[in-house]
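In: A predicted structure for the sequence below; I have some questions about it.
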Amino acid sequence: MSNVQSIERAFLLLEVLASDPVGVSELAARSGLPKSTVARLISTLESLGAVERSNEGLLTVGTKISELTGSTSTGPDLIARVRPHLVSLSREVDEDAGLSVPDGYMVHYINQADADNPVQIRDWTGELVPMHCVPSGLVLLASWPSERLDRFLARPLTRFTPNTMIDPESIRQRLAQIRADGYCWVYEEFAEGINSVAAPVYDRDRRPVASIHVHGPAYRFPSPDQAVEIAELVKAKATLVSTDLALLGG
């Protein structure tokens, strides 16, 4: 393993651990790396104080990282900033709106605003889903550097429904379109009967740090003539949040 590759993989592990404490096996699953590789890198990161291990054996980002960044987890703060926008978006579209963040090769749903609708989709808060099959993950993948994307697409990708896109070249073309549009629609690719649309949220350095999405039952969402309008609304909300993060130093 080259030094550059080791550094890239170490950062990937730290990205996963920034979300919540996990064991080595779960860390390997979320990062898509072999368990032996994860164990070797974690040993080095622990010796440097970049990773710490609890009495229960769970791994977390170490105090050395916190000292270097001068900050703690922004999860609760991010939710507080985004929540009003989610509520507003849910009311405007009359479907559930959610917030998610990257977690290695997964996307982690961390908050949801429910619509006042008699037929609702389940609350996905707390769920981890592979990036390639949901718009919240795809809009984040669209900003990844080519080397990291190559590693992601070199892995076997799970097909969840007949609509799930797993061909690497097709996904690359899709990501190019996402970069052009600034949003992504997914039609029954993760779960049959559910359609969703998402747009990325950026920090002040234009790094993608989260996604905002809206999802609803496929039989009614979206209306055939409203797909673009809804997508642009989601994109506008994500832009507002990005602006807030930039102004407040997020």
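Out: Received it, and whenever you're ready, just let me know what you need. Residues are numbered from 1 along each chain as shown.

In: which SS state does Asn195 fall under?
Out: Going by DSSP: H, G, I helix; E, B strand; the rest coil, the secondary structure assigned to Asn195 is strand.

In: oh sorry, the question was meant for Phe221
Out: In the three-state summary, Phe221 is assigned as coil, counting by three-state DSSP.

In: give the contact list for it.
Out: Glu95, Asn195, Val214, His215 (C-beta atoms under 8 Å, 6 or more residues apart in numbering). All C-beta atoms are positioned from the backbone trio N, CA, C, and that covers glycine.

In: tell me the domain ranges of the protein?
Out: Taking automatic domain parsing as the criterion, the chain consists of the domains 3-69, 75-247.

In: roughly how far out does the longest one sit from the chain middle?
Out: Put plainly, it is domain 75-247. If you compare the mean C-alpha spot of domain 75-247 with that of the full chain, they lie 8 Å apart, counting by C-alpha atoms, centre = their mean, to the nearest Å.

In: now that domain: average pLDDT?
Out: Within the predicted structure, the mean pLDDT of domain 75-247 is 91.

In: on that earlier part again, which of the contacts of Phe221 lies closest to Leu141?
Out: For the contacts of Phe221, the minimum distance to Leu141 (C-beta to C-beta) is 18.2 Å, reached by His215.

In: and the residue nearest to that closest one when sequence neighbours are not counted, how many neighbours?
Out: For His215, the nearest residue in space outside its immediate sequence neighbours is Ser196; the separation is 3.6 Å by C-beta to C-beta, 6 or more residues apart in numbering. Using other C-beta atoms under 10 Å, the number of residues around Ser196 comes to 28.

In: for Ala227, same thing?
Out: For Ala227, the number of neighbouring residues by other C-beta under 10 Å comes to 15.

In: that one contacts Cys184, correct?
Out: No: the pair Ala227 and Cys184 does not pass the contact test of C-beta atoms under 8 Å, sitting 11.5 Å apart.

In: identify the contacts common to these two.
Out: By the contact definition C-beta under 8 Å, 6+ apart, Ala227 and Cys184 are jointly contacted by Val197.

In: buried stuff in the helix ranked longest in the chain?
Out: The residue-count maximum for a helix in the chain (DSSP state H) belongs to helix 227-247. When neighbours are counted by 16 or more other C-beta atoms under 10 Å, the buried residues of helix 227-247 are found to be Ile230, Ala231, Leu233, Val234, Lys235, Lys237, Ala238, Thr239, Leu240, Val241, Ser242, Leu245.

In: beta partners of the residue nearest to His215?
Out: Beta-bridge partners for Ser196, by DSSP bridges, are Val186, His215.

In: contact partners for it?
Out: Applying C-beta under 8 Å, 6+ apart, we find Ser196 in contact with Val134, Pro135, Ser136, Trp185, Val186, His213, Val214, His215, Gly216.

In: quick revisit: now, of the domains of the chain, which is deepest in the fold?
Out: Using mean count of other C-beta atoms under 10 Å, the stretch among these with the greatest mean number of neighbours is domain 75-247 (a mean of 18).

In: show me where this structure has its helices.
Out: Counting by DSSP H, the chain has helices at residues 3-17, 24-31, 35-47, 63-69, 75-93, 135-141, 146-154, 168-181, 227-247.
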